[in-house]
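Novice: Pasted the sequence and its predicted model underneath.
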Amino acid sequence: MIQNLPTEITDKVFGYLKETDQLQLAQVSQQLGCVFARHAREKYKSLYIREEETWSDDELKVILSLFGSTVDYISIQCTNVLNQLGELIEKYCNNLRYVKLQITNENFNAFKPVLNMTCIETLSLYNYDYRGIDLLQYVNPYCKNLHLDGISTAQGLHIRKLTHLEKLEVNEIRNIFEICSHLKKLRELTVGNGLGNVSDLKLDYLYPELEHLMLSFFEIALDLPVCSKLKRLTLLSIAYYIKKFGEIIGKYANTLKYLHLLPYYSKDEFYANNLIIVIRKCKRLEFLITRKGIIRVLFFSFLESLITALKENGFNTDRRLKMEVHCGKTDELKQELMNLFPNSEVWNLITLIQFDQMYI
């Protein structure tokens, strides 16, 4: 019988078999299971379970029982799953670090044990059609890194109780700044798809540890949160209803190093004028990424003001502000502006540089 063969021979036999046959043979005895585990090594370190290309329930049981301790990443993007799947993952995958789940009405109960696993470092939940408000109540309260997509405001209210979160990415939730103000350890916050959901009327919430705030497709009505340690501010396809948004960004003057500004509406002169205020106020600013049109307006309409603001901030030949065009073409713009303003003092104060050359 095959289990009586030397291990080296059995290992070679596994090499000639298709995966389905390998998994079937591994179930014959504990010895053959161990041989297959050595043969496959880290093949199942990352598991991708999808509707169109997945293993049978029995095969998945074998994989988890034999290789669970080596699995550090699981992505499950299917509606119908084994009812015991979450229990099996919880039992065998004690070194699991990254989990990505598509939540549906059909599979939510099966996933509950996974949500509470303490070994998980990053948890990503994509809510497809589950409407229960208990979606986040099963998440490990000590979770540090959470990515949420498709959850309702009612489901998102439970975020307040995940007070150990350090990094959060979330979409389409009203009053998100108030909700996240309860997360005193939060260091990175990304909020997206907020157009149509104007942000909180009150925005002077305190985020004591936040270092990176990213808003995309978002409407800002009045203000931004108070972040005493903010270093990076990324504003992509945002809509402002504030006349002096430069003053708002200037509230981070003592800490801000990196600003990525891409407005939703094309009001280049308005934003260029306000960037002068930002440059003047933010004494630690090192990097500025924005739209080509805004940089052009800075040169064509506000060049003297730009030079003055740069000098007031302490920029010189040894400390230059690094500027980059959103979505590339920086070199093209640089050549154009150097041809038009070849002797301007501004070239002693700034550097137009490609994004992949910047250390951020």
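Specialist: Yep, that arrived. Residues are numbered from 1 along each chain as shown.
Novice: Beyond the longest helix seen in the chain, next helix or strand please.
Specialist: The helix that spans the most residues within the chain, counting by DSSP state H, is helix 268-281. Next in sequence after helix 268-281, counting helices and strands by DSSP states H and E, comes strand 287-290.
Novice: Buried residues in the next helix or strand after that following strand, which are they?
Specialist: Note on strand 287-290: by DSSP H and E, the next helix or strand toward the C-terminus is helix 292-300. Within helix 292-300, the residues scored as buried using 16 or more other C-beta atoms under 10 Å are K292, G293, I294, I295, R296, V297, L298, F299. In short, each C-beta sits where N, CA and C put it, glycine included.
Novice: go on, stretch 258-272?
Specialist: Y258, L259, H260, L261, L262, P263, Y264, D268, F270, Y271, A272.
Novice: just to revisit the earlier point, which residues are in contact with the longest helix of the chain?
Specialist: 244-247, 249-250, 253, 259, 261, 263, 285, 288, 290-291, 293-298, 301-302, 305-306, 309-310, 312-313, 321 (C-beta atoms under 8 Å, 6 or more residues apart in numbering).
Novice: how big is the angle separating that helix from helix 292-300?
Specialist: Calculated by axes from the mean of the first three to the mean of the last three C-alpha atoms, to 10 degrees, helix 268-281 forms an angle of 70 degrees with helix 292-300.
Novice: Which residue ranges make up each domain of this structure?
Specialist: 1-41, 243-360 (automatic domain parsing).
Novice: CSV please, covering the buried residues of helix 292-300 and showing pLDDT.
Specialist: As requested, these are exported to CSV (pLDDT from 0 to 100):
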residue, pLDDT
K292, 90
G293, 91
I294, 93
I295, 94
R296, 94
V297, 96
L298, 96
F299, 97
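Novice: Which of those lies at the shortest distance from Y130?
Specialist: Of all these, Y130 sits closest to I294, with 41.5 Å by C-beta to C-beta.
Novice: Now do the contacts for that closest one.
Specialist: Here I294 is in contact with L261, D268, Y271, A272, L275 (C-beta under 8 Å, 6+ apart).
Novice: Poorly predicted segments of the stretch 151-300 of the chain, please.
Specialist: Across the stretch 151-300 of the chain, the ranges flagged by pLDDT under 70 are 194-203, 221-222, 239-242, 265.
Novice: quick revisit: name the nearest of the buried residues of stretch 258-272 relative to G156.
Specialist: With C-beta to C-beta as the yardstick, the closest approach to G156 among the buried residues of stretch 258-272 comes from Y264, at 23.2 Å.
Novice: Go ahead and confirm the closest one touches S237.
Specialist: Yes: contact criterion C-beta atoms under 8 Å: Y264 and S237 qualify, at 4.8 Å.
Novice: Helices of the stretch 201-350 of the chain, start to end?
Specialist: 245-249, 268-281, 292-300, 303-313, 330-340 (DSSP state H, counting those that start in this stretch).
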